[in-house]
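Asks: Quick one, fold the following:
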Amino acid sequence: MFGKIFLRCGRQPNLLVSNIGSWNDYEASLVKNERYERALENVEMAKSGFRSLMYRNATWITDALAPHNMTTGAEIVYVLDTNTFEVRWDPRRDFYMTDWREPYNQSTRVSYLKNRLELYFRERRSSGTILVNAPV
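Replies: Just a heads-up that it's a prediction; the model follows:
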């Protein structure tokens, strides 16, 4: 996937996201080859609370909500270039606050802060997915 992305747009991904199965397989394959001079974990991701590994200078993290099929063991690994991400606001709902309300039979007041955001890829060709058919 790294080669395909580079040929399509000349960029390299810097983030991989998958469920725990593929990540575990990759981590297990590193155990016998632990002679690396540089750290295999992204320090910034560790500070944020993520367990991570490095693969080709891309940070690989796990997400329990990433697609995983328990029957077949198939998983999807997302290969992303975060430098092409943008968060866009919808001008029809750009951070507004509702009026204060008093819920029924409560001694408190409630207001909601609402907005509409969308994750936007400037360069769609710089990201991709890999279907991994891992045995259960």
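Asks: quick one: the residue in the chain sticking out farthest from the centre and residue 132, what's the gap?
Replies: Most distant from the centre of the chain: residue 105, at 41.8 Å, with distances by Cα atoms, centre = their mean. Computed as Cβ to Cβ, to the nearest Å, the residue 105 to residue 132 distance reads 52 Å. From N, CA and C alone the C-beta is placed, and that goes for glycine too.
Asks: what's the answer for residue 92, then?
Replies: 40 Å.
Asks: which one of the two has more residues nearby?
Replies: Neighbour count, other Cβ atoms under 10 Å: between residue 92 and residue 132, residue 132 has more, with 17 against 7.
Asks: contacting residues around the more buried one?
Replies: 18, 21-22, 74-77 (Cβ atoms under 8 Å, 6 or more residues apart in numbering).
Asks: ok, now with 6 Å
Replies: Contacts for residue 132 (Cβ atoms under 6 Å, 6 or more residues apart in numbering) come out as 22, 75, 77.
Asks: Who does it form a beta bridge with?
Replies: For residue 132, the beta-bridge partners under DSSP bridges are residue 75.
Asks: Quick check: pLDDT value at it.
Replies: For residue 132, the pLDDT comes out at 83.
Asks: Check residue 31 too.
Replies: Looking at residue 31, the pLDDT reads 63.
Asks: can you list the contacts of residue 132 in a markdown table and add distance to residue 60 and pLDDT?
Replies: Putting the contacts of residue 132 into a markdown table (distance: Cβ to Cβ, whole Å; pLDDT from 0 to 100) gives the following:
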| residue | distance to residue 60 | pLDDT |
| --- | --- | --- |
| 22 | 9 | 80 |
| 75 | 13 | 86 |
| 77 | 8 | 88 |
